[in-house]
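Chemist: Need coordinates for the below:
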Amino acid sequence: MRFLIAVLLSIAGLLSPLRTMAASADVEATIKTVNVDSLSLTLDDGKSYTVPEEFNFDGLQAGVKVIVFYTEVDGKRVIDDLEIVQ
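Modeler: So this is what the prediction gives:
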């Protein structure tokens, strides 16, 4: 019985729609523009990244090198975490 449950849970995990909807990734790049009003950053890779409302923009400006950890949701790159590269 335990084996059957384990197999069913494995199959359910593989077929889960959440698995394909939210893929986490990271990128290392330099900030091109910071837009506090629209809660977004544009990096020198030409892509725009949305940040949550509680995001802290301190120390972020054009020319700062960062590592951005993001999740793609509905075609938008949403930042989960950001590190400034020294």
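Chemist: what about the helices in this protein?
Modeler: 2-15, 18-21 (DSSP state H).
Chemist: Least confident of those helices, on average?
Modeler: Ranked by mean pLDDT, the helices of the chain bottom out at helix 18-21, with a mean of 49.
Chemist: for stretch 47-67, which positions count as buried?
Modeler: Tyr49, Val51, Leu60, Val66 (16 or more other CB atoms under 10 Å). Backbone N, C-alpha and C define where each C-beta goes, glycine included.
Chemist: Spatially central residue for the protein, please.
Modeler: Geometric centre of the chain, nearest residue: Tyr70, 1.0 Å, by CA atoms, centre = their mean.
Chemist: Can you tell me the closest non-neighbouring residue to that residue?
Modeler: Setting aside the residues directly before and after it, Tyr70 is nearest to Arg77 in space (CB to CB, 6 or more residues apart in numbering), at 4.6 Å.
Chemist: neighbours of that neighbour, just the number please.
Modeler: 18 (other CB atoms under 10 Å).
Chemist: Quick check, it in contact with Lys47.
Modeler: Yes - here Arg77 reaches Lys47: they are 6.4 Å apart, a contact under CB atoms under 8 Å.
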